[in-house]
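Engineer: Got a predicted structure plus its sequence, pasted below:
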Amino acid sequence: MVAAHCRTKIVATLGPASSDAETIRDLARAGADVFRFNFSHGTHDDHAARHRIVRQVEKEIGRPLGILADVQGPKLRVGRFADGRVILETGSKFRLDLDDAPGDITRVNLPHHEIISVAQPGSILLLDDGKLKLCVTAIGKDFLETEVVVGGPLSNHKGVNVPDLVLPIPALTQKDRDDLDFALNMGVDFVALSFVQRPEDVIEARTLTNGRAWIVAKLEKPQAMDNLEEILEVTDAVMVARGDLGVELPPETVPLAQKRITRLARKLGKPVIVATQMLESMITAPTPTRAEASDVATAVFDGADAVMLSAESAAGKYPREAVAIMNRIVERVEADSGWQAMMKAGRLEPEHYVADAIAGAAEHIAGTLGASAIVAYTHAGPTALRVARERPFSPILGVTPTEITARRLTLVWGVQAFVADPSRPVQNTETMVSTAIDVARQSGRTQPGDTIVITAGMPFGVSGSTNTLRVARLPEA
């Protein structure tokens, strides 16, 4: 088995630079745990081909690999200009309307009546990733009059962001629904949901997925930050999507938002991915900047479950090197005594129910005894998630009866997942201990004579029944 040595997981986006079997294999061997398929680009055939390769590589390297389908979400854009491009002068007037005629220096089509319907005088519109800023001065039934606060060039189909408005737009477009249906039938493990504003957006997606994949809510809207706790309650995991979040929030608040999301997700035991521009310079350079290395390290110090590469691995010149360097940064941080002290100081009080008490006790006993591993039997994932919430220094070996759960655990901090041997079902304490010892040996994390801590539920095979804690010793050689 190729062991995943880092506790913090790595998500690598696949694209034109990383779609062949050799590159995907190299990315997995370099440390990638989850592969992101960006449905904003590529065809269904492209994604199906990558899916087949990832599953083949999974068999070759002998450990589960997760697949995350990232659906596009609504894209708010202006229309086109007669000359393809205009220069908006600061202080000038500019109209956005529903007329699809080509635009000019005075107006352009805004094919989104939802924005017009909720805008108020004083509402801010950001164009082209925030490069231009407009302020609404007057509203009609089919237009917005604005003043250009920050001017500059504006060309066809540039994006529109509305940071201070809750838009009556569903998080899933018809394209997203088609992509979601395709991705679920293909067998992805996670679905990343864009444009989340309210918990209802996640609930809608959960209804459509019907348990076939974990939902990852992408937090990229200020409105999502306003509803953060409610969104975290109904999602399986979250992504700090710092690209769009950085457009709609002042840049000085994005690091604080990242820390707040990470802290609250950890408290609730929900995996959190930190994403966007982590090693951006490696799209064209073989090494990252010092600031980028520090950015990755900060996410690890904060206790994020995963860090993500986007264009660096999807379209950059150095996808293998990007994953390898990110893996080295994570390994170095996790070996640091300062990181260990922060993880220890940041441990949370167990919540008042049996499964969480068992998870907290497992971490404490493993630390006291110097256990080589915590073996967490988990049917659908909750037991492993609760143990991971404790951030133990001992590796967490998640043992599950299904490949589905094993692949979902690839996103969870510190968990190395194993599919239990179906010919040896765990039916009593004796087989529980013997299977745990076999998994500990297989993991490459233990030596003969080492101590392991085991968490499980009785009756076996019942999800959510974690109530058992055992200590076992591996036989001497």
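Structural biologist: Noted; the coordinates are in hand.
Engineer: So what's the gap between stretch 96-114 and the chain middle?
Structural biologist: Relative to its chain's centre, stretch 96-114 lies at 35 Å (CA atoms, centre = their mean, to the nearest Å).
Engineer: Not counting its own residues, what contacts it?
Structural biologist: Contact with stretch 96-114 is made by 76-83, 86-88, 92-95, 115-116, 125, 134, 142-144, 146, 154, 160, 167-169, as judged by CB atoms under 8 Å, 6 or more residues apart in numbering. Bear in mind the C-beta positions are built from the backbone N, C-alpha and C, glycine included.
Engineer: Mind checking the pLDDT average for it?
Structural biologist: On average, the pLDDT along stretch 96-114 is 97.
Engineer: which parts of that stretch are buried?
Structural biologist: Buried residues in stretch 96-114, counting neighbours by 16 or more other CB atoms under 10 Å, are found at 96-97, 99, 103, 107-110, 112.
Engineer: and that stretch, how far apart are its ends?
Structural biologist: This stretch, stretch 96-114, spans 13 Å end to end (CA to CA, to the nearest Å).
Engineer: so where's the stretch 1-150 of the chain shaky on pLDDT?
Structural biologist: 1-4 (pLDDT under 70).
Engineer: the helices in it, which residues?
Structural biologist: 21-30, 44-61, 113-118 (DSSP state H, counting those that start in this stretch).
Engineer: check contacts around residue 157.
Structural biologist: Applying CB under 8 Å, 6+ apart, the residues near residue 157 are 77-80.
Engineer: Quick one: classify it as helix, strand or coil.
Structural biologist: Under DSSP: H, G, I helix; E, B strand; the rest coil, residue 157 falls in the coil class.
Engineer: What of residue 363?
Structural biologist: For residue 363, the assignment made with three-state DSSP gives helix.
Engineer: so what's it up against?
Structural biologist: Contacts of residue 363 by CB under 8 Å, 6+ apart are 347, 374, 387, 390-392, 394.
Engineer: before we move on, the earlier item: so which of the buried residues of stretch 96-114 belong to strands?
Structural biologist: 96-97, 107-109 (DSSP state E).
Engineer: Looking at the contacts of residue 157, which one is closest to residue 183?
Structural biologist: residue 77 (24.0 Å; CB to CB).
Engineer: How many residues are close by that closest one?
Structural biologist: 17 (other CB atoms under 10 Å).
Engineer: contacting residues for it?
Structural biologist: Contacts of residue 77 (CB under 8 Å, 6+ apart): 111, 157-160.
Engineer: thinking again about what came up before, which among the ones in strands among the buried residues of stretch 96-114 gets closest to residue 237?
Structural biologist: Using CB to CB, these come closest to residue 237 at residue 96, 35.9 Å.
Engineer: Look up how far residue 112 lies from the closest one.
Structural biologist: Between residue 96 and residue 112 the computed distance is 9 Å (CB to CB, to the nearest Å).
Engineer: go on, residue 335?
Structural biologist: 49 Å.
Engineer: before we move on, what about residue 263?
Structural biologist: From residue 263 to residue 112 the distance is 34 Å (CB to CB).
Engineer: Equivalent analysis for residue 307, please.
Structural biologist: 33 Å.
Engineer: swap in residue 341?
Structural biologist: Taking CB to CB, one finds residue 341 at 49 Å from residue 112.
Engineer: Pop the domain breakdown of the chain in here.
Structural biologist: Split into domains by automatic domain parsing, the chain comes to 9-74+171-336, 85-161, 347-473.
Engineer: can you tell me the distance between the two ends of the longest one?
Structural biologist: It refers to domain 9-74+171-336. 17 Å.
Engineer: now the shortest one
Structural biologist: The first and last residues of domain 85-161 sit 19 Å apart, counting by CA to CA.
Engineer: mind listing what residue 429 touches?
Structural biologist: By CB under 8 Å, 6+ apart, the contact set of residue 429 is 468, 470.
Engineer: Which parts of the stretch 51-200 of the chain are strands?
Structural biologist: 66-70, 85-88, 93-97, 107-109, 124-127, 132-140, 143-150, 152-155, 160-161, 190-193 (DSSP state E, counting those that start in this stretch).
Engineer: Out of the ones you listed, which gets nearest to residue 325?
Structural biologist: Residue 325 lies closest to strand 66-70 among the strands of the stretch 51-200 of the chain, at 20.9 Å (CB to CB).
Engineer: and the angle from the closest one to helix 44-61?
Structural biologist: 160 degrees (axes from the mean of the first three to the mean of the last three CA atoms, to 10 degrees).
Engineer: who touches strand 66-70?
Structural biologist: Residues outside strand 66-70 that contact it (CB under 8 Å, 6+ apart) are 11, 33-40, 47, 51, 54, 179-180, 183, 187-192, 194, 213, 216, 218, 407-408, 410-411.
Engineer: Using neighbour counts, trim the contacts of stretch 96-114 to the buried set.
Structural biologist: 76-81, 86, 88, 94-95, 115-116, 125, 134, 143-144, 146, 154, 160, 167, 169.
Engineer: what is the rounded mean pLDDT of stretch 360-371?
Structural biologist: Stretch 360-371 comes out at a mean pLDDT of 96.
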